[in-house]
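*Asks:* Here is a sequence together with a model predicted from it:
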Amino acid sequence: MSLKDHLYDLRHRLGLALLIIAFGAIFGWFWWSWRIFGLPNLGDIVIAPYCGIPVGQRLTQGGEGCQLLQTQPFEIFMIRLKVGAGAGMAITAPLWLYQVWRFIAPGLYAKERRFAVVFVACASVLFVTGAALAFYVVPQGLSVLVSFGDEKFITALTAGEYISFVLTLLLIFGVSFELPLIVVMLNQVGVLTYDKLRRWRRGITFALVIFAAVATPGTDPISMVALAIALVLLFELAIQIARVHDRRVERRRKAEGLDELSDDEAAPFEYTPSAAEEPEPLPTPDPVPTPPDAGQQPPGRVRYDDAT
């Protein structure tokens, strides 16, 4: 394909991806208040961690219900639009990511395509796992925070701040769970070996704990401890995967005899050239026939070199 065709294909793929995301946002908008296939609506799902706070410690109407505060005009409209767009984008991710893949895949080799598919699949699973852990941790963290008031305070969260807090926590947990996958990738390409990871284990573990304490938006210890423990366990799993991979590479090198070579010794390649095949003789061209009057002078011409 020419550069012009590539640009046309990019425009086509991006247009389809944006159209899919737009349909997902529309679906998420209606899902905010609709129950689909017996599942709870999106509004109930988002507000569920806040509703996990004991009734006596949060603001309610007449002692019942679970509502957030709206402090600005059109705040609920923007929250519903933002949450619906995010949920629709997550639901339709396989469709619009497929469009991106269709644009990138023609420029990759078969081995690179398999590697990319495995990487994207593992990254998706890790991100969803991290977001699910964050969604479970939010009510536990809020309960711990409101318990410090000793029933002398009541919690009334605004809708904008609460939704921003939940979405930020989901994003941080999901992205943080990708860190061990990056370690495995660097080990697969030979940048990080198991010996280096084993020597750096204590320092990286300490760095992960500090990262969990700084990255979490809340000040509750529950989310920090949960993220730190999850990252340390995933990093240890990445180290063990690197250990298995390096052992497999070492056995392959020993089988091929590459570890027994010194720096000044040539690699065990066969340098003897193979015999060249005899070329087939070219066919002899047929003789060009000579016209019968080739040696005769055409009539009416005078040869000036014979004149005396």
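*Replies:* Happy to help now that I have it. Numbers count the residues shown, from 1 in each chain.
*Asks:* Could you use CA atoms for every contact and neighbour count after this?
*Replies:* Fine.
*Asks:* all helices in the stretch 201-308 of the chain, in order from the N-terminus.
*Replies:* With DSSP state H, counting those that start in this stretch as the criterion, the stretch 201-308 of the chain has helices at 201-215, 221-256.
*Asks:* Same list (these) but as CSV, adding mean pLDDT, mean neighbour count and distance to residue 165.
*Replies:* Converted to CSV, these look like this (pLDDT from 0 to 100; neighbours: other CA atoms under 10 Å; distance: least, CA to CA, whole Å):
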stretch, mean pLDDT, mean neighbour count, distance to residue 165
helix 201-215, 90, 15, 12
helix 221-256, 88, 17, 12
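*Asks:* ok and the helix or strand where residue 131 lies relative to helix 221-256, angle-wise?
*Replies:* Using DSSP states H and E, residue 131 falls within helix 110-146. Angle between the axes of helix 110-146 and helix 221-256 is 160 degrees (criterion: axes from the mean of the first three to the mean of the last three CA atoms, to 10 degrees).
*Asks:* can you start the count at 7 instead of 1 from here on
*Replies:* Done: numbering now begins at 7, and the last item shifts to helix 116-152.
*Asks:* Does anything pack onto helix 116-152? Which helices or strands?
*Replies:* helix 48-57, helix 165-182, helix 227-262 (3 or more CA pairs under 8 Å, 6 or more residues apart in numbering; DSSP states H and E).
*Asks:* List the buried residues in that helix.
*Replies:* Across helix 116-152, burial judged by 16 or more other CA atoms under 10 Å covers 119, 129-130, 132-134, 136-137, 139-141, 143-149, 151-152.
*Asks:* and stretch 237-246, C-alpha only, in PDB?
*Replies:* Provided in PDB are the C-alpha atoms of stretch 237-246 (Å, rounded to 0.1, in the frame of the first residue of the first chain):
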ATOM      1  CA  LEU A 237       1.800  -5.500  43.400                       C
ATOM      2  CA  VAL A 238       4.400  -7.400  45.500                       C
ATOM      3  CA  LEU A 239       2.600 -10.700  44.700                       C
ATOM      4  CA  LEU A 240       2.400 -10.000  41.000                       C
ATOM      5  CA  PHE A 241       6.100  -8.900  40.900                       C
ATOM      6  CA  GLU A 242       7.100 -12.200  42.600                       C
ATOM      7  CA  LEU A 243       5.100 -14.100  40.000                       C
ATOM      8  CA  ALA A 244       6.900 -12.100  37.200                       C
ATOM      9  CA  ILE A 245      10.200 -13.100  38.800                       C
ATOM     10  CA  GLN A 246       9.300 -16.800  38.700                       C
END
